[in-house]
Each structure stands twice: as C-alpha cells, then as structure tokens.
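Asks: predicted model follows, preceded by the sequence.
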Amino acid sequence: MKFGAPKGTVAKVASSDGQGVPRQSSGFEQFCGMLKASDGLSVLDLSGASQANISFVTGLGHRISSDDFVGNMLQALGDDFSEGQQTQAKAARFLEQVLTFPSASFDGALVWDAFQFLSSPLINQTVEKLLRVMRPGGLILAFFNANEKIKEIPVSSYRIQDSKTLRQVPRGAPQRVQNFNNRTIEKLFDASSSVKFFLTRDHLREVLVRR
C-alpha cells in the first residue's frame, strides 16, 4: 500500500487500530509544530499503517509512508527480540528489511518506542540507516523507557488522536528492554545536529532529534 510515499517505496501491512490507552506527548506536540509550519512534507511512521495516523498527517497537507518496524522485528528476529539479535543471520535479515527507502526521502520520522528493543551493534546500524533516509533539518521522534528497574515492557503500536494525544495500543508479549540514559541516546544520534529530551510521568523518555 502507498500513502503518498516517495517513489519506489511501499508501506507495510497495517496493524490493528485498537482503542488503546491515551497519553499526552510533549515531544509529539513539538513534532506537530513542524508539520503545521510547513507544507508538503514527507513523514515516515514506523508503527505500521494506521488510518488514524494517515488521516492526521495527510489532513495537515503532508505525505506519509508507513513501515511496520515491530512486524519486521518479529519476522526477522523471532518472538524474543533480544535473543534474536545475537544470531548474525537474523540480525542481517532484519537490516535488509528495514528502512530500505532512498536517501533523503523524509522530513520527519515517527519511530515511537521501537528502537528501545534493539541493542548494539544492531541499534547503531539501524540509526545509521534512519539518518540516511532523513533530509537535513528533518525531525525524528523516538521514545525510550526511563525506568531502569523494569526488565520487560509490553510491545505497543502508537495511534494519533490529536496534536497532543497519542493512543498506546498493546501488541504482542512483553520484551526485554535495553536501558538508555541521556548520554547513551546522545551518542546514538551523534551524527545529528541536535537532541532534545522530554521526561514524562509514565517513565517514557521522549527524544526529538534534528537531522
């Protein structure tokens, strides 16, 4: 399926738009500031094709390409993301499947919390691919769990309700989560021009990265 995708790109199969749990997001509100200030942007949504997200982005006059990043992890790495990454063949297959868009395709990317399930070196290679498909000055929104006491967290999809509110839809069994502090995230996006943090009440560290 294509939803205003750059030439040669394809959106992956949609995951279900459930009701989910609503949460306020300062990071997404600032991301929306870019969408409202410009026209005709290209946005990448890594939460899988969702009518709610498509309608929101296109309603602001932009194009959206959807990629089921978590679905790719399940397909390539297996049910246990952490264990699957330790197998070189599985990790290589995952890298072949994700972020295959042409260079400089997007002005914005909604990563949500998917990257927090990846560990080094796979996360570094994935971030490198993401930065390659971003245009200079583009914004990336990503979430990382900030509670270091938690060892496992549920897998979720994110659906846009409005410019300040998201719905977090459960998807699949809990996964072991990597611990990322501010310094680790800054180093991860070292090739970008800036990294801004928002710490939320529900222990999600929201990160807004400018390419």
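Replies: Great, that's in hand. Numbers count the residues shown, from 1 in each chain.

Asks: can you map out the helices along the protein?
Replies: Using DSSP state H, the helices found in the chain span residues 26-37, 51-59, 69-77, 81-84, 88-97, 122-133, 182-188.

Asks: quick one, which of the ones you listed gets closest to residue 145.
Replies: Each of the helices of the chain has some distance to residue 145 by Cβ to Cβ; the shortest is helix 182-188, at 11.7 Å. Placement of C-beta: from N, CA and C, glycine included.

Asks: against residue 40, how distant is the residue most central in space within the chain?
Replies: Closest residue to the average C-alpha location of the chain: residue 111 at 1.1 Å, with Cα atoms, centre = their mean. Using Cβ to Cβ, to the nearest Å, residue 111 is found at 22 Å from residue 40.

Asks: kindly report the same for residue 62.
Replies: Per Cβ to Cβ, residue 62 is found 7 Å from residue 40.

Asks: what about these two, which has more around it?
Replies: Neighbour totals were compared for residue 62 and residue 40, and residue 62 leads with 19 against 9 (other Cβ atoms under 10 Å).

Asks: and the pLDDT at the more buried one?
Replies: For residue 62, the model assigns a pLDDT of 98.

Asks: mean pLDDT, mean neighbour count and distance to residue 196 added to the helices of the chain, as a markdown table?
Replies: Rendered in a markdown table, the data for these read as follows (pLDDT from 0 to 100; neighbours: other Cβ atoms under 10 Å; distance: least, Cβ to Cβ, whole Å):
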| stretch | mean pLDDT | mean neighbour count | distance to residue 196 |
| --- | --- | --- | --- |
| helix 26-37 | 97 | 17 | 8 |
| helix 51-59 | 97 | 17 | 21 |
| helix 69-77 | 95 | 21 | 22 |
| helix 81-84 | 94 | 18 | 27 |
| helix 88-97 | 96 | 15 | 27 |
| helix 122-133 | 98 | 18 | 16 |
| helix 182-188 | 96 | 15 | 10 |
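
Asks: out of those, which is closest to residue 157?
Replies: The closest of the helices of the chain to residue 157 is helix 69-77. By Cβ to Cβ, the value is 7.2 Å.

Asks: tilt between the closest one and helix 88-97?
Replies: With axes from the mean of the first three to the mean of the last three Cα atoms, to 10 degrees defining the directions, helix 69-77 sits at 140 degrees from helix 88-97.

Asks: ok, back up a step: out of the helices of the chain, the one nearest residue 144 is which?
Replies: The nearest among these, by Cβ to Cβ, is helix 182-188 at 6.4 Å.

Asks: name the surrounding residues that touch the closest one.
Replies: For helix 182-188, the external contacting residues (Cβ atoms under 8 Å, 6 or more residues apart in numbering) are 123-124, 127, 144, 180, 195, 197, 205, 207.

Asks: quick check: the two most widely separated of those?
Replies: For the contacts of helix 182-188, the maximum inter-member distance is 19.4 Å, found between 124 and 197 (Cβ to Cβ).

Asks: how many neighbours does the residue nearest to residue 61 when sequence neighbours are not counted have?
Replies: Of all residues not flanking residue 61 in the chain, residue 39 sits nearest, at 5.4 Å (Cβ to Cβ, 6 or more residues apart in numbering). Using other Cβ under 10 Å, residue 39 is surrounded by 9 other residues.

Asks: now residue 21
Replies: With other Cβ under 10 Å as criterion, residue 21 counts 12.
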